[in-house]
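Student: Turn this into a structure:
(3 chains)
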Amino acid sequence: MDAKHSSSPAPLDGGPAARLLAWYDRHARDLPWRSRPGEVSDPYRVWLSEVMLQQTTVAAVTPRFTAWVERWPDVASLAAAPDEDIMAAWAGLGYYARARNLVKAARAVVAEHGGRFPTTEAGLRALPGLGAYTAAAIAAIAFGERAVVVDANVERVVARLFAIETPLPAARPAIREATDRITPDARAGDFAQAMMDLGSSICTVKKPQCLLCPIAVDCRGRAEGIAETLPAKAPKKARPYRHGTVFWIEHKGCVWLVRRPDKGMLGGMRALPTGPWVDARPGLADAPGQGPWTMLNETVVHGFTHFELELALARTDGKPENDSAGEWWPIADLGTAGLPTLFARAADLLKRV
DNA sequence: AACACGTGGAC
DNA sequence: TGTCCAAGTGT
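Tutor: Next comes the predicted model:
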């Protein structure tokens, strides 16, 4: 081959990709969405797991994934399910836009792709909720495409491997380019999963286990003694504090639940009524009824990604004053309502009063 | 580009 | 105890 047109050739020993794949062959985690060796991956299961795993730990996802595929074993059954069933099934997993986009994507696959997932990275990228990472991951894992898969694990491993000292997010283009250079033509899906397994078990944020690392020999960060400090990150902003009041309206063993608007926090989820979340304690302003309200002594404090919320708790007997959309839910069955964790915790305090 | 968007576990 | 962080995406 003309050297002028050859991309940087693989090292004679196969380079880090070969070492990593050999390690993966012996140490890959057995996870319910992974195919057995020699079996074809089910794109539906790969897609579902990848979406569930966005910003969410394997430990949190595993039981939810298993229950989900038992209830909806394929994309057609999911596409046919009512929105509220899907949203309730997602309750507690967080980042509820993922569930809203999951429904849209399932229905798009059925309506526009004959019930089969697009098989290319570009085709997958066009589905709701599939960004650069997830589209590449599914293309590689489910369809064997050579896609460059970069998640937070890969960012960390690659920043260390190449001793990239630029802080995130500015380092992203360089990290992606370096990942491209070491991604093999064959087994790109295994390579991606191997990088993520390595990042979660050995090349960890704190105290990386370099003595166990199959590519320590390739690692410039280790050679320079700076591996654990990488990747550098831009400092983050302080989290503001906000206040709100949540309202418990009880009538004949039922409690009044509303559905939150699709946009914004906890969008589309069933919830207890609550006024706006603001800088100062709102008390009974924006109460959905004239009461009389009883305030509980306890409050619920809940940390979100970008602010912390303290919720006062108010309760009353009778009907809501306005006829805003909602439903009476049996208090004994509150566990099936699919409340986000914040409201589930508030309800636990309110239902015992 | 920077911010909105959940939750629970680890230290 | 408070901080950091996890298989990111949409705007």
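
Student: Quick check: phi and psi on the spatially most central residue of chain A?
Tutor: By C-alpha atoms, centre = their mean, chain A has its centre lying nearest to residue A:54, at 2.6 Å. Backbone torsions for residue A:54, taken as degrees, to the nearest 10, come to phi -60, psi 110.

Student: Need the three-state assignment for the closest residue to it other than its chain neighbours.
Tutor: The shortest distance from residue A:54 to any non-neighbouring residue, by C-beta to C-beta, 6 or more residues apart in numbering, is to residue A:98 (6.2 Å). (Glycine included, C-beta is placed from N, CA and C.) When classified by DSSP: H, G, I helix; E, B strand; the rest coil, residue A:98 comes out as helix.

Student: of all of chain A, which residue lies closest to DNA strand C?
Tutor: In chain A, no residue comes nearer to DNA strand C than residue A:131, which is 2.5 Å away by C-beta to the nearest atom of the strand.

Student: For chain A, just list every one of the strands.
Tutor: Using DSSP state E, the strands of chain A run over residues A:241-251, A:254-259, A:270-271, A:294-303, A:308-317, A:327-330.

Student: Which one of those lies nearest to residue A:44?
Tutor: strand A:270-271 (26.0 Å; C-beta to C-beta).

Student: ok, the residue of chain A closest to DNA strand C - contacts?
Tutor: residue A:125 (C-beta atoms under 8 Å, 6 or more residues apart in numbering).

Student: same check, this time on residue A:233
Tutor: Residue A:233 is in contact with A:167-168, counting by C-beta under 8 Å, 6+ apart.

Student: pLDDT score assigned to it?
Tutor: pLDDT for residue A:233: 92.

Student: where's it relative to residue A:166, distance?
Tutor: To residue A:166, residue A:233 is 11 Å away according to C-beta to C-beta, to the nearest Å.

Student: what about residue A:303, neighbour count?
Tutor: 10 (other C-beta atoms under 10 Å).

Student: Report the beta-bridge partner residues of it.
Tutor: Residue A:303 has these beta-bridge partners by DSSP bridges: residue A:308.

Student: if we can go back for a sec, right, and the residue nearest to residue A:54 touches residue A:90 too?
Tutor: Yes: Residue A:98 lies in contact with residue A:90 (C-beta atoms under 8 Å); the separation is 7.2 Å.

Student: So these two - more neighbours on which side?
Tutor: Neighbours per residue (other C-beta under 10 Å) separate residue A:98 from residue A:90, with residue A:90 holding more: 24 against 17.

Student: can you pull the pLDDT of the closest residue to that one other than its chain neighbours?
Tutor: Of all residues not flanking residue A:90 in the chain, residue A:99 sits nearest, at 3.7 Å (C-beta to C-beta, 6+ apart). Residue A:99 is assigned a predicted lDDT (pLDDT) of 98.

Student: what does residue A:46 give?
Tutor: 98.

Student: same check, this time on residue A:322
Tutor: Residue A:322 carries a pLDDT value of 65.

Student: cool, residue A:56 as well?
Tutor: 96.

Student: My guess is it contacts residue A:94. True?
Tutor: Yes: between residue A:56 and residue A:94 there is a contact at 6.9 Å, judged by C-beta under 8 Å.

Student: Quick check: the residue nearest to residue A:54 vs residue A:202, distance?
Tutor: Distance of residue A:98 to residue A:202, given as C-beta to C-beta: 28 Å.

Student: List the contacts of stretch A:298-309.
Tutor: A:239-244, A:246, A:265, A:277, A:310-313, A:341-342, A:345-346, A:349.

Student: Could you report the neighbour count for the residue in chain A that DNA strand B sits nearest to?
Tutor: Relative to DNA strand B, the nearest point of chain A is residue A:94 (2.7 Å; C-beta to the nearest atom of the strand). The number of residues packed near residue A:94 is 17, by other C-beta under 10 Å.

Student: give the contact list for it.
Tutor: Shown in contact with residue A:94 (C-beta under 8 Å, 6+ apart): A:55-56, A:340-341.

Student: likewise residue A:346?
Tutor: By C-beta under 8 Å, 6+ apart, the neighbours of residue A:346 are A:246, A:248, A:272, A:300, A:311, A:313.

Student: And the pLDDT at it?
Tutor: As predicted, residue A:346 sits at a pLDDT of 97.

Student: if you look at stretch A:309-325, does any of it touch DNA strand B?
Tutor: No: for stretch A:309-325, no contact with DNA strand B is found by C-beta under 7 Å from any atom of the strand; the gap never falls below 9.0 Å.

Student: can you give me the end-to-end distance of that stretch?
Tutor: 25 Å (C-alpha to C-alpha, to the nearest Å).

Student: Now find how far off-centre that stretch is within its chain.
Tutor: Mean C-alpha position of stretch A:309-325 versus that of the full chain (C-alpha atoms, centre = their mean, to the nearest Å) differs by 31 Å.

Student: Name the residues of it that are buried.
Tutor: Buried residues in stretch A:309-325, defined by neighbour count with 16 or more other C-beta atoms under 10 Å: A:309, A:311-316, A:320.

Student: and what of stretch A:275-295?
Tutor: Neighbour count says stretch A:275-295 has A:275, A:277, A:282, A:284, A:287-289, A:291, A:293 buried, by 16+ other C-beta under 10 Å.
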